[in-house]
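K.L.:
fold the following and give me the result.
(chains A and B)
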Amino acid sequence: MYETIGIWVGALFTLAIYSFLYKENPIYRLAEHLVVGISAGYGMAITYQITVKPRLIDPLLSGDHWILLIPGILGILYITRFIPRISWLSRYPIGFYMGTSMGVYFPLTMKANVLRQLEGAMVPLYQSGMAWYEVTGNIIMILGTLAALIYFFFSKPHKGLFFGTGSKIGIWVIMVGFGATFGFTVMGRISLLIGRIQYLLGDWLHVIE
Amino acid sequence: MRKNWIGIPALMILLLLPSLSVAQGDDEILTPVAEEQLEEPDPGLDVPGAVTVQDKDNDAGDNLLVSFELPANTEGIFAYNVYRRVAGELGEEAWNLVEVIPAEELPEFIDGYDPEYPISTGVLYEYRVASTTVDGEEFFGPIFEAGIVSKGEIYHTGKTKVLIAGGLFIFLIFYYFGKAQRGAKMYLRPIAGIEAIDEAIGRATEMGKPVLYVPGLSGIADVATIASLTILGRVAKKIALYQTPLIVPNRDPIVFTVAEEVVKQAYLEAGRPDAYDPDSVFFLTTSQFAFVAGVNGMMMREKPATNFYLGMFWAESLLLAETGSLSGAIQIAGTDAVTQLPFFITTCDYTLIGEELYAASAYLGREPKQIGALKGQDACKAIIMSFITVALIFGIIDVVANTHILDWLRDLVTTPIIE
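P.N.:
So this is what the prediction gives:
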């Protein structure tokens, strides 16, 4: 019974959201406001259930982990935004969060986005047993990486043989890469659409198995 | 008196013997805990043998390397379930399933990665491993006490290369930063997307319609979000001067708080604090597609003349940009999400690609400090390009002269995937 109601609600709201394809209309507006409101409320409940309660309130009530009072107080300082006289206190948790995040992410980014990428670009041009297309691929990859890096030079004019031609090749390499990504992602989106149509025609209307 | 001097070293040796025996147990442990053997192994499945526990190097004392002996007969075994509990605790509920290792994989893992069951520094644990059938039936081996406890290290030896590279990059940025502050002239090449920002705001002012600014859907820790909020400050300042309405919907509560402060500050700097509308920056919802539904609805109702999508975006990028395109707005997007850039490029008038987004703030502000930092980043890129070029030359030498000098260069930058 409840499952059937759920399927009907899901299907009708799917159609309500799809009605946007025609134009913005009151049915879409109803679905939009419901999904925004429900998701905000649901998000708050989920945050309480999976973060605040098990990771802060329960350990504190058990009498251990008094250290958790520090993040607890920092979290409460966010709420001071509602009291204009002391709203400046909310800057402390924001500053703490931004500072620690930068500290944590800096070495990770340096490793993942610089050193490991650099290592990946240092491939041998040829090794015994390599097919011709692998050798060609390696050469294109190395020269393409260099050209794309030239494109992202901001303090030099893109003129002349090195910066001018290099950046032109670079933007071509980037666009070819984007083209491949575009096609790949569109395929993923089509599969999402197929999933929704299967829901409407299968679970709801039982037209397909 | 002399006899006493002989007695002291003898006493010390006696005292040291127990600690030496503990130290020997650093690698391979483990004595079965006899009194609490579980049920007799079912003859249906053979059970794993001794469990070995070692302390993992270069951690914060929150990891242990655990391995175990495979059973003599592995027939019918689907996986191995590894359980852990604090030594001394009793009862079945004290055991936590910390790892499931498929039968075909190596019988070893790093314990402590699961945030539900962390390893605490200095705590002694016990392990037991069960052979499981495909139906989930478990056949337990004996319980082993880990003879060591986890210890933390102050310095991570595996991150020395990251430290050197990070130090070098920071030095270069601060070097050019200082140079710019001393008044050195620095050139910045034009970027079409950034130059169009003024034009886009002007268009909205002329049409008397609002400007929509979406600072991405990621959190405040994301570099793209930080770059976006800096640009928001510049854009809001111009908007305050032109008296154009501004709409800034937010998905992340902390980003919302910062965005609100940034816009308020921009209006103040523009000398128009009275023109600031507290409702212009608002929190919508944390749900990704509910956020898109809300912003799309706003686009079609409010019909903003200019849409900015600057920051981190995921699958919603095309939904936002396509709707904006339908509403007839001029659109400027910028993100470092490689998978979303193609969608922005196809649907927006201007797109800031990757690092152009980070550079946009320096372009808009033209402050010497930021321009210097940008120059420093270019120097970092030059170093990376030099490494790749040298690697290319070494690669050619390797092919021609049959040497292995590229491997040497590669080793200089190689960092382990798992530390």
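
K.L.:
hey, where'd the strands end up in chain A?
P.N.:
Assigned strands in chain A: none (criterion: DSSP state E).

K.L.:
low pLDDT regions in it?
P.N.:
Regions of chain A meeting the criterion pLDDT under 70 are absent.

K.L.:
where do the helices sit along it?
P.N.:
Under the criterion DSSP state H, helices of chain A are mapped to A:2-18, A:26-47, A:58-61, A:69-78, A:91-109, A:116-121, A:132-151, A:166-198.

K.L.:
need those helices in TSV (columns: distance to chain B and mean neighbour count).
P.N.:
The way it works is simple: take the backbone N, C-alpha and C, and place the C-beta from them, glycine included. Output for the helices of chain A, formatted as TSV (distance: least, CB to the nearest CB, whole Å; neighbours: other CB atoms under 10 Å in any protein chain shown):
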stretch	distance to chain B	mean neighbour count
helix A:2-18	7	13
helix A:26-47	3	15
helix A:58-61	13	13
helix A:69-78	7	14
helix A:91-109	3	14
helix A:116-121	5	17
helix A:132-151	5	16
helix A:166-198	4	14
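
K.L.:
and the gap between B:Val295 and B:Leu284?
P.N.:
Using CB to CB, to the nearest Å, B:Val295 is found at 7 Å from B:Leu284.

K.L.:
mutual contacts of the two, please.
P.N.:
Listed as contacting both B:Val295 and B:Leu284 by CB atoms under 8 Å, 6 or more residues apart in numbering or on different chains are B:Pro249.

K.L.:
neighbour-wise, which of the two wins?
P.N.:
Between B:Val295 and B:Leu284, B:Val295 has the larger neighbour count (other CB atoms under 10 Å in any protein chain shown), namely 24 against 20.

K.L.:
looks to me like the more buried one is in a strand.
P.N.:
No - with DSSP: H, G, I helix; E, B strand; the rest coil as the criterion, B:Val295 is located in helix rather than a strand.

K.L.:
excluding its backbone neighbours, what's nearest it?
P.N.:
Of all residues not flanking B:Val295 in the chain, B:Pro249 sits nearest, at 5.4 Å (CB to CB, 6 or more residues apart in numbering or on different chains).

K.L.:
what about whichever strand or helix holds the one you found, average pLDDT?
P.N.:
Element membership for B:Pro249, per DSSP states H and E: strand B:246-250. Averaged across strand B:246-250, pLDDT comes to 98.

K.L.:
other SSEs contacting it?
P.N.:
Applying 3 or more CB pairs under 8 Å, 6 or more residues apart in numbering or on different chains; DSSP states H and E, one finds that strand B:246-250 makes contact with strand B:211-214, helix B:223-242, helix B:253-269, strand B:281-283, helix B:288-302.

K.L.:
what comes into contact with the first one?
P.N.:
What it means is strand B:211-214. So strand B:211-214 is contacted by B:200-201, B:204, B:232, B:235-236, B:239, B:244-249, B:295, B:298-299, B:302, B:304-311, B:320, B:324, B:329 (CB under 8 Å, 6+ apart).

K.L.:
which parts of it are buried?
P.N.:
Across strand B:211-214, burial judged by 16 or more other CB atoms under 10 Å in any protein chain shown covers B:211-214.

K.L.:
now the residue of chain A positioned farthest from its centre. Its backbone dihedrals?
P.N.:
Distance from the C-alpha centroid of chain A peaks at A:Ser128, with 40.8 Å (CA atoms, centre = their mean). Main-chain torsions, A:Ser128, degrees, to the nearest 10: phi -60, psi 140.

K.L.:
the helices in the stretch 251-400 of chain B, which residues?
P.N.:
B:253-269, B:288-302, B:317-326, B:341-347, B:355-365, B:368-401 (DSSP state H, counting those that start in this stretch).

K.L.:
among those, which comes closest to B:Phe177?
P.N.:
When the helices of the stretch 251-400 of chain B are compared by CB to CB, helix B:368-401 sits nearest B:Phe177, at 4.0 Å.

K.L.:
and the angle from that closest one to helix A:166-198?
P.N.:
100 degrees (axes from the mean of the first three to the mean of the last three CA atoms, to 10 degrees).

K.L.:
distance from the chain centre to helix B:368-401, please.
P.N.:
The chain centroid and the centroid of helix B:368-401 are separated by 25 Å, computed with CA atoms, centre = their mean, to the nearest Å.

K.L.:
what packs against that helix?
P.N.:
Judged by 3+ CB pairs under 8 Å, 6+ apart, the packing partners of helix B:368-401 are helix A:116-121, helix A:132-151, helix B:160-181, helix B:355-365, helix B:405-413.

K.L.:
got the CA positions of the third one in CSV?
P.N.:
Extracted in CSV, the C-alpha atoms of helix B:160-181 (Å, rounded to 0.1, in the frame of the first residue of the first chain):
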residue,chain,number,x,y,z
THR,B,160,59.8,14.6,2.5
LYS,B,161,59.4,15.2,-1.3
VAL,B,162,56.0,16.8,-0.7
LEU,B,163,57.7,19.1,1.9
ILE,B,164,60.5,20.1,-0.4
ALA,B,165,58.1,20.8,-3.3
GLY,B,166,55.7,22.6,-1.1
GLY,B,167,58.5,24.7,0.4
LEU,B,168,59.9,25.6,-3.0
PHE,B,169,56.5,26.6,-4.3
ILE,B,170,55.7,28.7,-1.3
PHE,B,171,59.1,30.4,-1.5
LEU,B,172,58.6,31.3,-5.2
ILE,B,173,55.1,32.7,-4.5
PHE,B,174,56.4,34.8,-1.6
TYR,B,175,59.5,35.9,-3.6
TYR,B,176,57.3,37.4,-6.4
PHE,B,177,54.8,38.6,-3.9
GLY,B,178,57.6,40.7,-2.2
LYS,B,179,58.9,41.8,-5.6
ALA,B,180,55.4,43.1,-6.6
GLN,B,181,55.1,44.9,-3.3
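
K.L.:
what's around A:Ala131, how many residues?
P.N.:
8.

K.L.:
phi, psi for it please.
P.N.:
Main-chain dihedrals, A:Ala131, degrees, to the nearest 10: phi -80, psi 160.

K.L.:
tell me how far it lies from A:Asn138.
P.N.:
Distance, A:Ala131 to A:Asn138, using CB to CB: 11 Å.

K.L.:
what residues does the residue nearest the centre of chain A make contact with?
P.N.:
When CA atoms, centre = their mean is applied to chain A, the residue found nearest the centroid is A:Thr185 (13.7 Å). Counting by CB under 8 Å, 6+ apart, A:Thr185 makes contact with B:339, B:342-343.

K.L.:
let's see it at 6 Å
P.N.:
B:Thr339 (CB atoms under 6 Å, 6 or more residues apart in numbering or on different chains).

K.L.:
and if you look at the one 3 residues further on?
P.N.:
Contact analysis of A:Gly188 by CB under 6 Å, 6+ apart lists nothing.
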